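J.: Need the 3D shape of this:
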Amino acid sequence: MEEADLATLGQTRTKTQARLVGDIGGTHARFAIADANGRLDHVRVLRCAQFADPEQAIRHYLALTGLALPSTAAFGIANPVSGDEVVMTNHHWRFSVAALRAAIGLQRLLLLNDFTALALALPLLQVHERHAVGGGQIVTGAAIGVLGPGTGLGVSGLVAAAGHYVPLQGEGGHVTLAARNRREADVIDCLRQHDEHVSAERVLSGPGLIILHDALRAMAGQPAASLPSTEISARAIASTCPYCMEALHLFCALLGTVAADLALTLGARGGVYLGGGILGQLGRFFTRSAFRQRFEDKGRFSAYLAQIPTFIIDAPYAALSGAAIALESPLCIGYESTERAQ
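T.: Now for the predicted structure:
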């Protein structure tokens, strides 16, 4: 579905409270109107490929909803945000934050990494907006990790400081992918023939699943099948293709290892959360996969990791709420352009 609507989640609010929020990925751009507490109205999901730039997508959103433009906006984007110039890693959009703000007519525009926005929303998740994969118990106030495969691999987290959570702004999806056994080492060696650096994102993403599937076929002397990631997943779940099945099993296992590395790095005893656009579609395949076994498979620290819960996020628009929350933060999160600064 290229466009989706969501019923009102919050209460009626004044125009001065309203702000435009967005979650811009490599495939979809999600927009909504939010209040300061992250409650959302008028959610729409648009395909990025249908628009030349984010300005066109935003104007289309406003036309669809018939809404007036709020004076303030915050967008999470699947990209590093280190300054005014943004060049998307997994899409062709390239733009200036200040120029976008001025072109649309905003007084204030904040741009931040999409998984930083998602991390900010994690403390607000209700019990029904997540489900556990495996055991473990949340330690209140401890660090929290979040990662998720979609068009790329997003990674972030929250660390406690002076009684408050501070979101991380990193690019953990581009860490080097590590093998846990001989088969995985052989697969990574095969992938390295095409890409010298085999990052976690190179495999643990929608495009990565295709690359992984084709590598397994090549290792068996078979030609590439040119299957989309959704078809690979469908055939794996239906057990109709051995290459698809192995690809998806490897995908889940490798994700468990990367998630465990994040948990150890952060000391994420507050839990590790899994977002992105892929895992929710896998259903029982994922919960029955090797993900959790591999998450706990860390030798002397296996017992430590067994106590850390892992959750799949069931709130599809959590990053939009996080973007709204970022606007209220006293911290420097992302890059901001204001009318006063021009």
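
J.: For the rest of this, base every contact and every neighbour count on C-alpha atoms.
T.: OK.

J.: so who does the closest residue to Ala247 other than its chain neighbours touch?
T.: Spatially, and ignoring its direct neighbours in sequence, Ala247 is nearest to His213 (5.2 Å; Cα to Cα, 6 or more residues apart in numbering). Residues in contact with His213 (Cα atoms under 8 Å, 6 or more residues apart in numbering) are Ile232, Tyr243, Cys244, Glu246, Ala247.

J.: Just among the residues you listed, which is most surrounded?
T.: Ranked by neighbour count (other Cα atoms under 10 Å), the contacts of His213 have Cys244 at the top, with 28 neighbours.

J.: now the helices: where do they sit in the stretch 1-150 of the chain?
T.: Applying DSSP state H, counting those that start in this stretch to the stretch 1-150 of the chain gives helices spanning 54-65, 97-104, 114-121.

J.: ok, the contacts of His213 vs Asp189, which is closest?
T.: Asp189 has its nearest neighbour among the contacts of His213 in Ala247, at 15.3 Å by Cα to Cα.

J.: Dump the worst-scoring helix or strand of the chain on mean pLDDT to CSV, keeping only the CA atoms.
T.: Every helix and strand in the chain was compared by mean pLDDT, DSSP states H and E; the lowest is strand 164-167, with a mean of 91. Output of strand 164-167 as CSV, limited to C-alpha atoms (Å, rounded to 0.1, in the frame of the first residue of the first chain):
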residue,chain,number,x,y,z
HIS,A,164,17.4,11.5,31.8
TYR,A,165,17.9,9.4,28.6
VAL,A,166,20.2,10.7,26.0
PRO,A,167,19.8,9.4,22.4
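
J.: quick one: strands adjacent to that strand?
T.: strand 153-161 (antiparallel) (DSSP bridges).

J.: Pull out the buried residues from the strand it pairs with.
T.: Across strand 153-161, burial judged by 16 or more other Cα atoms under 10 Å covers Leu153, Gly154, Val155, Ser156, Gly157, Leu158, Val159.

J.: Run through who's touching that strand.
T.: Strand 153-161 is contacted by residues 78, 114-116, 119-120, 141-148, 165-174, 200-201, 204-205, 266, 276 when judged by Cα under 8 Å, 6+ apart.

J.: now with 6 Å?
T.: Residues outside strand 153-161 that contact it (Cα atoms under 6 Å, 6 or more residues apart in numbering) are 115-116, 119, 143-148, 165-168, 172-173, 201, 205.

J.: quick one on the thing from earlier: pull the most distant pair out of the contacts of His213.
T.: Ile232 and Glu246 (10.2 Å).

J.: partner residues bridging the closest residue in space to Leu204 that isn't next to it in sequence?
T.: Closest residue to Leu204 apart from its sequence neighbours, by Cα to Cα, 6+ apart: Pro149 at 5.8 Å. On the basis of DSSP bridges, Pro149 is bridged to Leu153.

J.: I figured Val139 was touching Ala268, is that so?
T.: No: using Cα atoms under 6 Å, Val139 is not in contact with Ala268, being 8.8 Å away.
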